[in-house]
Each structure stands twice: as C-alpha cells, then as structure tokens.
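>>> based on what follows, work out the 3D shape:
(chains A and B)
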Protein chains: 2
Amino acid sequence: MASIATQPSLIALDWGTSNLRASLLGAGGTELATRRAASGVMVISERRFAEALLSLCGDWLAGRTGLACIASGMIGSRQGWVEAPYVPCPAGLADAAAQLVHVPFGEADRHALHIVPGLRCTGADGEADVMRGEETQIWGADLPQGSCCVLPGTHSKWAWLGEGGRVLAFETHMTGELYAVLTQHSILGRLMDLSAAPVPAAFDDGVRLGLRQTAQLLHTLFAARTAGLVGRRSPQELPDFLSGLLVGAELAGVRGPGGQLPTTVTVLGEPTLCDRYARALGIAGVAAQRAPADATTRGQWRVAAAAGLVGAAAQ
Amino acid sequence: MASIATQPSLIALDWGTSNLRASLLGAGGTELATRRAASGVMVISERRFAEALLSLCGDWLAGRTGLACIASGMIGSRQGWVEAPYVPCPAGLADAAAQLVHVPFGEADRHALHIVPGLRCTGADGEADVMRGEETQIWGADLPQGSCCVLPGTHSKWAWLGEGGRVLAFETHMTGELYAVLTQHSILGRLMDLSAAPVPAAFDDGVRLGLRQTAQLLHTLFAARTAGLVGRRSPQELPDFLSGLLVGAELAGVRGPGGQLPTTVTVLGEPTLCDRYARALGIAGVAAQRAPADATTRGQWRVAAAAGLVGAAAQ
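You can find the predicted model right below:
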C-alpha cells in the first residue's frame, strides 16, 4: 500500500500556447511524476481540450473521481478552454484562489479542472496590461516584499511585489516575439546565419546600443542590417547583436512604480534565456538573482491549497 | 518626323524590391511614356535582370544603341544586378553622378545601364545608416537648403539638406516593415480586422500614445493587444491604432543634426502614406509640406545630366 506522501493529491497543469506539462503531486506538493505533450492551446484543433488532457493524464485520473486538476497559462485565455477573468492588481494568490474557474470534464463530468485567473493592471500610460500564467510562477518563487522580477519569454513580464507575494504592478515587453518576427520575416534576417553558435561579444555590443537608444528603437533596429551591409558584423554575429539590442532596449524602457530599473532583479524561467537577461542586467549595472526552477508547480500547489482543493498546508 | 521634344533622350528606371517602373524621357526630361512591371529585385529569379528590362523596354531600345538607361533603387543593392557603392554624406547629385556604375547589356552589350549609387552616413550612435533610391527622389524634389524631409515607406527615411540639395545627414526608421510583420506574423494581428476601412480617430490615439512612449516601445506595442482584449478597441480600430502608435514612436525618435523634430517637414512619396504622416506630424505640432509627385524621374534626369548622359540642362 502506498504511503500518504505518495498518494496523489493534485494534478498541476502548466498549459501554454505550444505545450502542456502535467505534474502529479502528492501530499505537501511533492512531485510524484511529470509528463509533457505538444498539446498547447494553439495546437489543439476543434477545442478538443478534454481529449488532450485525458490522453496525457487519463491513467492518473482513472478511479480517482476526487482528484482535482489545476491549470495556469493560456488555457484560461479567450483561445483556451474556458476564458478565466483577469484579477485587477494589486493581487495575491488568495485573490486568484477565490476566482478559479471550474470546468467539469470526462465521462459524466466526473472530473474537475480549476483554471487560475490572470492578472490585469493599468500602466503609467493609462493603457491596460495583462498576464496569464506568470502570476502563478511568481507565487511559487518566494520573492520578498519590495522585490522586482522579470520572466523572459515571447512576452517578457516585469513584476513588482508587495507583502506575501502580492503583485503590485507589472509591465509586458514584446521583446522575444519581436526578435522572432524580425529574424524570420523582416529584412534583418536576410543577412543573418541563424544557426550560428552564440557570440556573447556581439550580444554585449547589442545590449549597450539598446540601452543607449533613448526612444529611437525603430531607427536603432536598422543597425542590425547596416552593420552587416557595411561589413562591420558577420552573419554569425548579427543574431546575437539584434538579440542584445532588443534586450538592452527593454531594460532601457522598464519603468514600474519607481519609474526606472531597480538595483536588483530576480530572473525567473527558462535557464538559457535567464542567462541572457542576467548578462544584460550586469551590463546595465543591475544585480541579477535566480529563483527556483520548479516555481510554477509550487505556485499551483499554493493556489490550490488556498482554494481548499488540497488539504495540506502550502509547501 | 518626330519633333526634338518627342525624341527619346533617356530611359529612367525606378527599380525597387517589388516593382520596376520605366519612363521614356524626351529632351529636357519630358515624360513621353511610362510602364510598370512586377519585376522587382526580389521577384526576379536567377539574376535575369537584362531579360526583365528588355521585356519591359525592348521596343524603346530597338535601333537606338545610344539611348542610355539610368536606374535608382534596390537594383544597385547586393541582391540587385550589380552592387553600386554607398557615397558618404554629405553628398549631392554631382557626387552620385561621378560614381554611376555602368552595366552593359543586350545583344553584343550594345546598351548601357547606369546605376545611381546609394548614400551612407554615420548616426549619432556611431552606427552606419544607408539609403538607396530615396537620394534620387530627394534631388528631384527641389528642397531648399536647411530643410528636412521624410519619405515614408517600408523603411522611412528622414533627410536633412544643405546647399543645392546636398544630403547632410539622414536616418532610417523601420516603421512600415514593423507594422507589416507585427500585423501579419505576431499575436497583435490576431485581434485585428485588417480589411477594415480606415479609422482616423484610432490612428490619432495611437499617434498620441506613440509620441508619449519615451523609450518604452517594446512595452507600448502591447497596448495594441490589451486594448482589444479588454474591449477598449474593436478589431476594426486596432490596425490604425497600431499604425498610429508606430508613426508616433517614429516621430518621437527622430533626431537628426538638430537632435529633435524640426518645425516644418516635407513629406515625399506615395500620397496615402504621406497623408498619414502629415496627419501624425500635425498631432506632433509640426507643419507638413508636400513635394511634387514625379520627383524620382526628375531626380534621375538631373543625375543623368550631371553625368553627361543627356545633353540638355537639368529641368
């Protein structure tokens, strides 16, 4: 007979645009097993979300009607399974836990998926900003009051934290997506060798140029073409030069409640991308700290505990 | 028998990335005929430039071995027929005329194409900048000493002029290409109705936001998604909102020798795009002037005259 620790308590789903990662958690949030599938929200056709979930985790759920599933990420977007609200900032995990969206699924609706809502805030420019998924990752990362973190990615998210991990404010920067569309679809990609090994010195030069670009990004970007045209940079250097230029421009544009980059930033997420941001932060004179790698699953466990879906206290 | 005015003196070619436009010019640069083909530099395969030119203008050249052809635009780029140099700024049309690249073509090389070189300068950030084609358009536009002009397009070019139309300095902004890749390939396009009629008020709001974005463009762009997500802007408004945001950001980033936008700017090029820029300049408090529509052909005639390819004085 299994011990209490190895009895399943929760299925935690990190369900994004491209991928679905499922973790089976035991008492106290201990990870018992993890699986992945390329069943992201934009991959699944004809809204077959239940089929995708049962295909990946059906054996975990078999015979366990009371085993809850919690999900964060784009699964709660308009393109996802059921649209979950955006909770206005400042918001902590208790606010999110109180607004989980419950989705019955499986034969006779015997199972329940609980989708974590996203967050919403209004920037200094009066425009709305949103995040979905990163809030849960932040709540798993044990960030102290007064800290600032960045989660690099397609859209990097900067967040400023209050007491108990409450998200006071955040800012989205479209850096990763801009890098992707510019290298794949614009004239900047024409002179690049995109399969080249990283060239850290070219990245650093890009960061310095990006940091200096003072509201001229539409112009400064063109340097990633002219540097190739006039023979100043090789096709192997240009991808990292553009990457650095964009990350530098992002750092130059971060405002937040203090109106500028803080002196210390926690970098959270995919390790290679975090290395890149830590390097750029160093050039900008900002100290970079790291957070634990399993922050998403820990955050999901904590939200589930706050919602009473699991009995044990948060890890 | 044809009068002197209707005797062909020059074939002027505006040969860009997508299209080739050919004008047959008589004495003094009078336009006798004009033709177009979708034979742009990126369209022609296997370097069949001579075939494309003869296919469009072969009858004009038949029996006229001495009739010169002059071309400006991307035909002189590395992807073009023969790469023409970049003349360093400050540069006037006499400098360009002295560095035409001569390309013999046709049976027994009996015809000659003369490619106008591009211009090159170094920006305040130390990075190189280039233009190819726009310099010839500027020289046809009769712009006075001390003026500033913008040529909107895939890459908009801002130029500052000295005596006799010399280009003192210029700046490229990738605004048009960024609009294209973001609407066609990024998540911003997902919420947009790209076939909608123009919504000038949404464009104006975008311009105001872009003008205010002070080095935060990577963040500000995301407003073109959130405004749709939170229901503040319709799918019909979002394309013009993004367009305005980018043009506003461009205006906020123009520096030039004076370090900021001048009080009057001449807008030069495709009329619909020029209307859009004139509107944005108005919001930024800058007076917009227009230039004659046939500036490219006039500029080509003047360069040819300065190079001694045509006998008559410049128009």
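>>> would you agree residue A:44 falls within a helix?
No: secondary structure of residue A:44 (DSSP: H, G, I helix; E, B strand; the rest coil): coil, not part of a helix.
>>> for it, grab the count of nearby residues.
20 (other Cβ atoms under 10 Å in any protein chain shown). Every C-beta, even on glycine, is put in place using the N, C-alpha and C of the backbone.
>>> the one 3 residues further on now?
Each residue near residue A:47 was counted by other Cβ under 10 Å, and the total is 11.
>>> any idea how far it is from residue A:189?
In this structure, residue A:47 and residue A:189 are 34 Å apart, going by Cβ to Cβ, to the nearest Å.
>>> do the same with residue A:115
37 Å.
>>> of those two, who's got more company?
Neighbours were counted for residue A:115 and for residue A:189 using other Cβ under 10 Å; residue A:115 has more, 27 against 17.
>>> measure that one to chain B for me?
16 Å (Cβ to the nearest Cβ, to the nearest Å).
>>> which stretches of chain A form helices?
With DSSP state H as the criterion, chain A has helices at A:49-61, A:93-97, A:134-139, A:175-185, A:200-211, A:217-220, A:223-229, A:238-253, A:271-283, A:295-306.
>>> show me what the last one is in contact with.
It refers to helix A:295-306. A:10, A:12-14, A:23, A:25, A:29, A:31, A:68, A:70-72, A:93-94, A:96-97, A:100, A:114, A:116, A:133, A:135-141, A:268, A:292, A:310, A:312-315 (Cβ atoms under 8 Å, 6 or more residues apart in numbering or on different chains).
>>> what comes up buried for stretch A:77-90?
A:77, A:80, A:81, A:84, A:86, A:87, A:89, A:90 (16 or more other Cβ atoms under 10 Å in any protein chain shown).
>>> ok, now stretch A:262-273?
Applying 16+ other Cβ under 10 Å to stretch A:262-273 flags A:262, A:265, A:266, A:267, A:268, A:269, A:273 as buried.
>>> I'd assumed residue A:235 was in contact with residue A:191.
Yes: contact between residue A:191 and residue A:235 holds when scored by Cβ atoms under 8 Å: they sit 5.9 Å apart.
>>> give me the common contacts of these two.
Common neighbours of residue A:191 and residue A:235 (Cβ under 8 Å, 6+ apart) are residue A:228.
>>> more neighbours: these two, which one.
Legend: neighbour count by other Cβ under 10 Å for residue A:191 and residue A:235, higher for residue A:191 (17 against 14).
>>> quick one, what contacts the more buried one?
Neighbours of residue A:191 in contact, by Cβ under 8 Å, 6+ apart: A:225, A:228, A:229, A:235, A:238.
>>> between those, identify the one with the most neighbours.
residue A:238 (26 neighbours).
>>> hmm, that residue is touching residue A:224, no?
Yes: the pair residue A:238 / residue A:224 is scored as a contact, 6.0 Å apart, by Cβ under 8 Å.
>>> now do the shared contacts for these two.
Counting by Cβ under 8 Å, 6+ apart, the residues touching both residue A:238 and residue A:224 are residue A:188.
>>> can I see the domain layout of chain A?
Listed domain ranges for chain A are A:4-142+A:294-306, A:173-290 (source: automatic domain parsing).
>>> would you turn those into a markdown table with distance to residue B:283?
Formatted as a markdown table, the domains of chain A follow (distance: least, Cβ to Cβ, whole Å):
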| stretch | distance to residue B:283 |
| --- | --- |
| domain A:4-142+A:294-306 | 16 |
| domain A:173-290 | 17 |
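>>> give me the number of residues near residue A:190?
Neighbour tally, residue A:190, other Cβ under 10 Å: 14.
>>> just give the closest residue to residue A:162, not the sequence neighbours.
Take residue A:162 and drop its neighbours on the chain: the residue closest to it by Cβ to Cβ, 6 or more residues apart in numbering or on different chains is residue A:168, 4.7 Å away.
>>> do residue A:40 as well
According to Cβ to Cβ, 6+ apart, the nearest residue to residue A:40 is residue A:18 (3.8 Å).
>>> distance of that neighbour from chain B?
Relative to chain B, and taking Cβ to the nearest Cβ, residue A:18 is found at 13 Å.
>>> ok, that residue - contacts?
Per Cβ under 8 Å, 6+ apart, neighbours of residue A:18: A:38, A:40, A:42, A:43.
>>> tell me which of these has the lowest pLDDT.
Scanning the contacts of residue A:18 for pLDDT, the low point is residue A:42. It has 88.
>>> phi first, then psi, for the residue nearest to it when sequence neighbours are not counted.
Computed as Cβ to Cβ, 6+ apart, the closest residue to residue A:42 that is not its neighbour in sequence is residue A:17, at 5.0 Å. Per-residue torsions, residue A:17: phi -70, psi -40 (degrees, to the nearest 10).
>>> rewinding a little: deepest of the helices of chain A, which one?
helix A:134-139 (a mean of 29; mean count of other Cβ atoms under 10 Å in any protein chain shown).
>>> please state the offset of that helix from the chain centre?
8 Å (Cα atoms, centre = their mean, to the nearest Å).
>>> equivalent analysis for stretch A:282-291, please.
19 Å.
>>> end-to-end on stretch A:34-52?
In terms of Cα to Cα, to the nearest Å, the two terminal residues of stretch A:34-52 are separated by 16 Å.
>>> what about the nearest residue to residue A:278 once chain neighbours are set aside, distance to chain B?
Nearest non-adjacent residue to residue A:278, counting by Cβ to Cβ, 6+ apart: residue A:288, 3.8 Å away. Distance, residue A:288 to chain B, using Cβ to the nearest Cβ: 19 Å.
>>> residue A:311 too?
Residue A:311 is 36 Å from chain B, by Cβ to the nearest Cβ.
>>> quick one: contacts for the residue nearest to that residue when sequence neighbours are not counted?
Among residues not flanking residue A:311 along the chain, residue A:9 sits closest, at 7.6 Å (Cβ to Cβ, 6+ apart). Contacts were defined as Cβ under 8 Å, 6+ apart; by that measure residue A:9 touches A:25, A:26, A:27, A:29, A:67, A:310, A:311, A:312.
>>> quick one: contacts for the most centrally placed residue in chain A?
Centroid check for chain A by Cα atoms, centre = their mean gives residue A:134 as the closest residue, at 4.4 Å. Neighbour list for residue A:134: A:151, A:157, A:159, A:170 [criterion: Cβ under 8 Å, 6+ apart].
>>> could the helices of chain A be laid out in TSV, adding mean pLDDT?
Output for these, formatted as TSV (pLDDT from 0 to 100):
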stretch	mean pLDDT
helix A:49-61	97
helix A:93-97	97
helix A:134-139	97
helix A:175-185	97
helix A:200-211	97
helix A:217-220	97
helix A:223-229	95
helix A:238-253	98
helix A:271-283	97
helix A:295-306	97
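>>> returning to that earlier point: I'd assumed residue A:148 was in contact with the residue nearest to residue A:162.
No: applying Cβ under 8 Å as the test, residue A:168 and residue A:148 come out as separate, 9.9 Å apart.
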